[in-house]
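K.L.:
Need coordinates for the following:
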Amino acid sequence: MPELMYTLRTYPAFTSPDLIGRIDNCIRETLQDVTNMSLTTDCWTQACLPCRFGGLGVPSVRLTAPGAYLASVHRNHELSSAITGNLDEPLFLRAAVELWECYSPSFDIPETPSNQRSWQDPVSKSQLASLISSSDNSSVSRLKGCKALGSGDWLNAIPSVPLASALPMNSSAWLLLSVLAHLFALPSLF
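P.N.:
Purely as a prediction, here's the structure:
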């Protein structure tokens, strides 16, 4: 994903909606294959939210591209102008701002425009508000619960036999966790 973020920050990918759509579909299909689940549009929207908003943090290229490009342009415009002597408005700046405003209609331009999160958070908040407004009561409770403080604390729990939080050695989940622990150099957990 770092390469994808670098590309989104340095290339106005939002000007190629067909390409962005194909990349988003590829990411969605990969997530579906990995989880062995079919994702509805609402599930995909929630998966694309950052973890702090109750999502999985899977980037949606369509929603991330304008903000990533805008943050990069604002961070580097002064330096690139000094190097090239060109003080004109950066290419695609207006198009990126207009698209960003479509994704986050009730928000103003960020006060720290060189920070990508300041562009991305309003888009994520708009997506979450849209999900909540179109959901039934049980889904609204789930969405609010997913973004509540401490909702992901279980991810940091260390398996313990006395607390009955350890998996049986013959379970397939234990095997998966063991492989992941070795991949991420966490053998002390098992």
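K.L.:
going forward, measure contacts between C-alpha atoms and count neighbours the same way
P.N.:
Fine.
K.L.:
So what's the model's average confidence on the longest helix along the chain?
P.N.:
With DSSP state H setting the assignment, residue counts place helix 61-84 as the longest helix in the chain. Average pLDDT, helix 61-84: 89.
K.L.:
starting at the chain centroid, how far to that helix?
P.N.:
Helix 61-84 sits 19 Å away from the centroid of its parent chain (Cα atoms, centre = their mean, to the nearest Å).
K.L.:
which other helices and strands contact that helix?
P.N.:
In this structure, helix 61-84 makes packing contacts with helix 2-10, helix 17-35, helix 93-103, helix 116-133, judged by 3 or more Cα pairs under 8 Å, 6 or more residues apart in numbering; DSSP states H and E.
K.L.:
Residue 7 - nearest residue in space that isn't next to it in sequence?
P.N.:
Using Cα to Cα, 6 or more residues apart in numbering and skipping the chain neighbours, the partner closest in space to residue 7 is residue 13 (7.9 Å).
K.L.:
ok, so what distance separates that neighbour from residue 101?
P.N.:
As for residue 13, its distance to residue 101 is 17 Å (criterion: Cα to Cα, to the nearest Å).
K.L.:
more neighbours, the two?
P.N.:
Neighbour tally, residue 13 and residue 101, criterion other Cα atoms under 10 Å: the higher count belongs to residue 13, 21 against 17.
K.L.:
residues in contact with the more buried one?
P.N.:
Each residue near residue 13 by Cα atoms under 8 Å, 6 or more residues apart in numbering is listed here: 7, 19, 20, 65, 66.
K.L.:
Show me what counts as buried in the helix or strand containing residue 43.
P.N.:
Under the criterion DSSP states H and E, the helix or strand holding residue 43 is helix 41-47. Of the residues in helix 41-47, 42, 44, 45, 46, 47 count as buried by neighbour count, 16 or more other Cα atoms under 10 Å.
K.L.:
any idea of the mean pLDDT in that helix?
P.N.:
Model confidence over helix 41-47, given as mean pLDDT, is 91.
K.L.:
Point out where this structure drops to low pLDDT.
P.N.:
1, 154-155, 159-161, 163-190 (pLDDT under 70).
K.L.:
Let me know the outermost residue of it.
P.N.:
Ranking residues of the chain by C-alpha distance from their mean position (Cα atoms, centre = their mean) puts residue 162 at the top, at 36.5 Å.
K.L.:
Many thanks, I have nothing further to ask.
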